[in-house]
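Enquirer: Quick one: sequence and predicted model below, then my questions.
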Amino acid sequence: MAKAYDHLFKLLLIGDSGVGKTCLIIRFAEDNFNNTYISTIGIDFKIRTVDIEGKKIKLQVWDTAGQERFKTITTAYYRGAMGIILVYDITDEKSFENIQNWMKSIKENASAGVERLLLGNKCDMEAKRKVQKEQADKLAREHGIRFFETSAKSSMNVDEAFSSLARDILLKSGGRRSGNGNKPPSTDLKTCDKKNTNKCSLG
Ligand SMILES: Nc1nc2c(ncn2[C@@H]2O[C@H](COP(=O)(O)OP(=O)(O)OP(=O)(O)O)[C@@H](O)[C@H]2O)c(=O)[nH]1
């Protein structure tokens, strides 16, 4: 049987607790949104295959817990990631200030040359905005990475952000990556149950 995809890319979302990492992944993978907040415990992933430059790219998107107490578990997953998405909440200045710490954590734990992307989430909450777009634009420029403002709630820029990261990885790899390159700790596991558990089942 023909392979259902040309490339498998592993992406990882990091950022403070509550910025909307899980919601962004759910919007991207399932086109859904829930206002209820259940903090992620440990790590989880979802899958969606997208078409980029005529190639079928299977994206395995890993969700990390933002809480400090899970740091040892979550940083162990940085190494196998081909792309890391740093998320802050545009209504929460502290989550933006902490991006510098998350950048440092990437430097310490991820593979050299990992593609990075900055997202300012919850851009549907304009009235509560604390972080100006220009500040984030500047930070992204300083680090030489792309930046989008997104809303997991309204869908704004969610597909665009994931696709742009996947495209950058594809271009960087020259389309040479095989399906099982950079294997993450549980890449042979196909499904994970919902948030709040870190249990995966064999696919
Ligand atoms: N208005 C609005 N609310 C959002 C958006 N994204 C997430 N939220 C809300 O923010 C809260 C936290 O979202 P999560 O996705 O669970 O946050 P997280 O970053 O995964 O948090 P941890 O698992 O603790 O690291 C939830 O109540 C969501 O409904 C968004 O784009 N707009």
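Expert: Nice, thanks for sending it over.

Enquirer: Give the closest residue to residue 150 in space, chain neighbours not counted.
Expert: Sequence neighbours aside, residue 157 is the residue nearest to residue 150 in space, at 4.5 Å (criterion: Cβ to Cβ, 6 or more residues apart in numbering). Bear in mind the C-beta positions are built from the backbone N, C-alpha and C, glycine included.

Enquirer: looking at this protein, which helix or strand is least sure?
Expert: Lowest by mean pLDDT, DSSP states H and E among the helices and strands of the chain is strand 200-201, with a mean of 26.

Enquirer: Please verify my assumption that the residue nearest to residue 150 contacts residue 146.
Expert: No: at 11.1 Å, residue 157 does not count as touching residue 146 under the criterion of Cβ atoms under 8 Å.

Enquirer: packing partners for whichever strand or helix holds residue 164?
Expert: Taking DSSP states H and E as the criterion, residue 164 maps to helix 158-173. On a contact count with 3 or more Cβ pairs under 8 Å, 6 or more residues apart in numbering; DSSP states H and E, helix 158-173 meets strand 7-14, helix 21-30, strand 43-52, strand 55-64, strand 83-89, strand 115-121, strand 146-149.

Enquirer: one more time with 6 Å
Expert: If contacts are counted by 3 or more Cβ pairs under 6 Å, 6 or more residues apart in numbering; DSSP states H and E, helix 158-173 sits against helix 21-30, strand 43-52, strand 115-121.

Enquirer: what does this structure have sitting close to the ligand?
Expert: Within the chain, the positions near the ligand by Cβ under 6 Å from any ligand atom are 17-23, 35, 37, 39-40, 65-67, 121-122, 124-125, 151-153.

Enquirer: and if we set it to 5 Å?
Expert: Neighbours of the ligand within the chain, by Cβ under 5 Å from any ligand atom: 17-23, 35, 37, 39-40, 65-66, 122, 124-125, 151-153.

Enquirer: Skipping adjacent residues, who's closest to residue 159 in space?
Expert: The nearest residue in space to residue 159 (Cβ to Cβ, 6+ apart) is residue 28, at 6.7 Å.

Enquirer: Local confidence estimate at the one you found?
Expert: Predicted confidence (pLDDT) for residue 28: 98.

Enquirer: That one touches residue 162, doesn't it?
Expert: Yes: applying Cβ atoms under 6 Å, one finds residue 28 in contact with residue 162, separated by 5.2 Å.

Enquirer: Who has more neighbours out of the two?
Expert: It is residue 162, of residue 28 and residue 162, that has more neighbours when counted by other Cβ atoms under 10 Å, with 29 against 24.

Enquirer: distance of that one from the ligand?
Expert: Distance, residue 162 to the ligand, using Cβ to the nearest ligand atom, to the nearest Å: 14 Å.

Enquirer: who's in contact with that residue?
Expert: By Cβ atoms under 6 Å, 6 or more residues apart in numbering, the contact set of residue 162 is residue 28.

Enquirer: May I have the helix holding residue 164 as PDB, with CA atoms only?
Expert: What follows is helix 158-173, C-alpha atoms only, in PDB (Å, rounded to 0.1, in the frame of the first residue of the first chain):
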ATOM      1  CA  VAL A 158      -3.700  28.900  13.300                       C
ATOM      2  CA  ASP A 159      -3.400  26.900  10.100                       C
ATOM      3  CA  GLU A 160      -1.100  29.600   8.600                       C
ATOM      4  CA  ALA A 161       1.300  29.400  11.600                       C
ATOM      5  CA  PHE A 162       1.600  25.600  11.600                       C
ATOM      6  CA  SER A 163       1.900  25.500   7.800                       C
ATOM      7  CA  SER A 164       4.600  28.200   7.700                       C
ATOM      8  CA  LEU A 165       6.600  26.200  10.200                       C
ATOM      9  CA  ALA A 166       6.200  23.000   8.300                       C
ATOM     10  CA  ARG A 167       7.200  24.800   5.100                       C
ATOM     11  CA  ASP A 168      10.300  26.200   6.700                       C
ATOM     12  CA  ILE A 169      11.300  22.700   7.900                       C
ATOM     13  CA  LEU A 170      10.600  21.200   4.500                       C
ATOM     14  CA  LEU A 171      12.700  23.900   2.700                       C
ATOM     15  CA  LYS A 172      15.500  23.500   5.200                       C
ATOM     16  CA  SER A 173      15.600  19.800   4.900                       C
END
